[in-house]
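Visitor: This is the structure alone, sequence omitted:
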């Protein structure tokens, strides 16, 4: 097992991205539960890749939200609503993933929703270079209707107990009180069951780079609530191992797992 710094982790992920060859822009999913650090990881990867003269498209599932009235119809902190009602996946495929995929014309839009006004958005279409990289972060990106549209998949995870604590901390910091923190944390408590049922279906048949964080290594940072009522945080520094090959016809994925803190032998 190779243990490394966060900078080394980012370098290894950048190498993994460079190793994938496609005839169209490379579409990279950075998935994981709320508060796992997906956005921070994607932003750091973008800096490294751009420094290597790679054209990078940064986009997030929060820019493909449905308006609040639609996505909160089951309740703002409903786990089922988060999965089924929050995001416009048809628009995501139509304006971003399919144009950048095989046979696409590479003319894309990075958003269809304005979070400030809670209204639809239609930014001008842009043409991506053939060797561009899309770094796309968000929840439930490995769902059945999206799984085959990614050329590389990264899953960021921290123990769900830690994300509950983060949810409570974010709720208190952002709301200025503890009034809604229990409801905010409730979706995190449901996450493992929902994750098992519908969120990680792609793991069984698709190679995935998985980042598993340790609570003691996490470094939360302030953020704004996402489509599921959560905020963002910085992921931990992991160690690098090889995961078992999920399918003999596919290359084995990388698996990155955080080291236990000194003196912790559990």
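Guide: Looks like it arrived, so ask away. Only a predicted model underlies this, so the values are computations on that prediction, with no experimental measurement involved.
Visitor: Skipping its backbone neighbours, what lies nearest residue 11 in space?
Guide: residue 48 (6.9 Å; Cβ to Cβ, 6 or more residues apart in numbering). (Glycine included, C-beta is placed from N, CA and C.)
Visitor: After the helix or strand hosting the one you found, heading C-terminal, what element do we hit next?
Guide: Element membership for residue 48 (DSSP states H and E) is helix 38-51. Later in the chain than helix 38-51, the nearest helix or strand by DSSP H and E is strand 56-60.
Visitor: Could you list the low-pLDDT ranges of the stretch 51-200 of the chain?
Guide: 160-200 (pLDDT under 70).
Visitor: need the helices for it, in chain order.
Guide: Along the stretch 51-200 of the chain, counting by DSSP state H, counting those that start in this stretch, helices occupy 68-71, 79-84, 89-92, 160-175, 181-194.
Visitor: Measure how buried the nearest residue to residue 138 once chain neighbours are set aside is and give me the count.
Guide: Among residues not flanking residue 138 along the chain, residue 61 sits closest, at 2.6 Å (Cβ to Cβ, 6+ apart). Neighbours of residue 61 under the rule other Cβ atoms under 10 Å: 25.
Visitor: Residue 61: what's it in contact with?
Guide: 87, 92, 136-139, 141, 227 (Cβ atoms under 8 Å, 6 or more residues apart in numbering).
Visitor: picking up where we left off before, between the helix holding residue 48 and strand 56-60, how many degrees?
Guide: Between helix 38-51 and strand 56-60, the angle comes out at 170 degrees (axes from the mean of the first three to the mean of the last three Cα atoms, to 10 degrees).
Visitor: wait, isn't residue 155 in contact with residue 142?
Guide: Yes - counting by Cβ atoms under 8 Å, residue 155 touches residue 142, with 7.1 Å between them.
Visitor: Have a look at those two and say which one is more surrounded.
Guide: residue 155 (25 against 21).
Visitor: now the more buried one, which residues is it bridged with?
Guide: Counting by DSSP bridges, residue 155 is bridged to residue 31, residue 210.
Visitor: what's the distance between it and residue 101?
Guide: 20 Å (Cβ to Cβ, to the nearest Å).
Visitor: before we move on, the earlier item: and the contacts of residue 61, which two are the farthest apart?
Guide: The span of the contacts of residue 61, defined through Cβ to Cβ, is set by 136 and 227 at 14.1 Å.
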